[in-house]
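Chemist: I'd like to go over a predicted model; first the sequence, then the structure.
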Amino acid sequence: MARKHKKPTLEEIQKKFARAFSFNQSINLYDQVKVNEDFFIGNQWEGVKSNGMPTPAINIFKRVVNFQVATITSENMSMQASGMPSTSRYTQKEVDKICEIVNHQLAAIMERNKIVAKNREFLRNAAVTGDGCLHFYFDPSVENGQPVKGEIQVEVLDNLRVHFGNPNNRDVQKQPYIILSRRDMVEDVKWHVEDLKEWGKEDGEIYTRIADPDAIQPDSEKFQNDYDSYTDDRVTVLTYYYRNRETKTIWCMEVTENEVIREPYDTGLKLYPLVWLNWDYIRDCYHGQAMVTGLLDNQKAINKLNALTIVSQMTMAFPKVAYDKTRIRNWTGDVGVGIGVNGNADNVAKVIEGASISPQVAQFIELFFDKTHSVLGATDVAMGDSRPDNTSAIIALQRAANTPMELTKQNDYQCLEDAGRIWIDIMSVRYGTRMVE
């Protein structure tokens, strides 16, 4: 006897979300992402008590991350669908015509959603936090001049907002369920509920239950959010995607902490509507390793050495003075101000010079900086800082330096190819009958 599909409840979704949150905590994801973001944007002394010491920051990450992301996305991207040899009632000519129409739609989606720009943000997130995520959904409110309103929308999600049902598997399409969390204004969620009711009437879709807008109330964020305290009228909304074993399609449900916004409904999709990219893989974990994480100690060492070097230079330039209190009542360090002395001025004061710093320290800092850049593939040749004595050699060396990035580039291309399949899946379900050229 076949097992009957059981619809999820609000309590079950909240328990799964709590388990996902605990998993992220167990791998120290929230703290690691915050540290990585701080170091990337240059806030590298956050939480450090300097006790008056200088806090210089020579950011080794920002230029390298931007360089690698720009290198990977430097080529103009396009998406082309090609038909397989048809064994159905369609002729090859008809298949080619269908592919031409689909290609026009894919190009329109890429242009309307600014996929090239979103892809850069997608890769930047992967480099800094370890993971990149693109989420796709159909917005039925978009006016498009067609009999069926609505267009495919694309958004970039933080990896802290995406929770896989099986955290040991990074393959999106093999997940039992996926939970997306977001912080929305309460008023916006209430309007969203009203829109759901209107869309349901227009589409003829039957809703078993839609929340009462007045029942949606503000709540608190589960993980730390520095900007959450600025508004007290926000609520966490969970979008719960899961695969229905009976219909073989993706179902969806939206809930808050205490209220069901939308009961489970069949999206009709065969694929989960999101793509996921790890900058570097971690075994048995869907979260990846960020480029920044493994080199934080290098950045800290460079900052500390520079801070101590500045202290040494300051003590050398502005040394302390020991003076005879029997002859000088008060000492002033103001420039050009005379100091009165009772009696002979010889041997009244003595300059206490600071400890001189070895010139090898500056050489070591520069070497440390260059070696770190070299490990990241941002050599002088790759960055264009070397002198172009031999153009052919420079080009060859730049290509060699870019070779390690090919792995990430190919992974990015695979994600965009998967995105194309998801768009076609959404088109087949939600586009309806439309006018095409």
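Modeler: Now that the structure is in, tell me what you want to look at. Residues are numbered from 1 along each chain as shown.
Chemist: use CA for all of it now, contacts and neighbours both
Modeler: OK.
Chemist: In the chain, where's the longest helix?
Modeler: Scanning the chain for the longest helix, with DSSP state H as the assignment, gives helix 406-430.
Chemist: any idea how far that one is from the chain center?
Modeler: Its chain's C-alpha centre and that of helix 406-430 lie 18 Å apart, by CA atoms, centre = their mean, to the nearest Å.
Chemist: That helix: which residues count as buried?
Modeler: Neighbour-count burial for helix 406-430, with 16 or more other CA atoms under 10 Å as criterion, is recorded at 408-409, 411-413, 415-420, 422-427, 430.
Chemist: List of residues touching that helix?
Modeler: Contact with helix 406-430 is made by 72-73, 79, 102, 106, 123, 136, 138, 152, 267-277, 279, as judged by CA atoms under 8 Å, 6 or more residues apart in numbering.
Chemist: which among the residues you listed end up buried?
Modeler: When those are checked against 16+ other CA under 10 Å, the ones flagged as buried are 72-73, 102, 106, 123, 136, 138, 152, 267-277, 279.
Chemist: How about the helix or strand hosting residue 360, which residues are buried there?
Modeler: Element membership of residue 360, judged by DSSP states H and E, is helix 359-375. By 16+ other CA under 10 Å, the buried positions in helix 359-375 come out as 365, 368-370, 372-373.
Chemist: Now pLDDT and distance to residue 185 too, for the residues you listed, in CSV please.
Modeler: Shown next, in CSV, are those (pLDDT from 0 to 100; distance: CA to CA, whole Å):
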residue, pLDDT, distance to residue 185
365, 80, 48
368, 78, 47
369, 78, 44
370, 77, 46
372, 77, 43
373, 72, 42
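Chemist: and residue 169, what are its phi and psi?
Modeler: phi -130, psi 120 (degrees, to the nearest 10).
Chemist: what number of residues lie near it?
Modeler: For residue 169, the neighbour count with other CA atoms under 10 Å is 16.
Chemist: what's the helix holding residue 360 in contact with?
Modeler: Contacts of helix 359-375 (CA under 8 Å, 6+ apart): 60, 64, 295, 298, 302, 305-306, 379.
Chemist: from the residues you listed, which would you call buried?
Modeler: For the contacts of helix 359-375, buried by 16+ other CA under 10 Å: 60, 64, 302, 305-306, 379.
Chemist: Leaving out the residues flanking it, which one is nearest to residue 159?
Modeler: Among residues not flanking residue 159 along the chain, residue 131 sits closest, at 5.8 Å (CA to CA, 6 or more residues apart in numbering).
Chemist: Contact partners for the one you found?
Modeler: Residues near residue 131 by CA under 8 Å, 6+ apart: 125, 158-159, 276-279, 287-290.
Chemist: Could you rerun that using 6 Å?
Modeler: 159, 277-278, 288 (CA atoms under 6 Å, 6 or more residues apart in numbering).
Chemist: Which pLDDT value goes with it?
Modeler: At residue 131, the pLDDT value in this model is 96.
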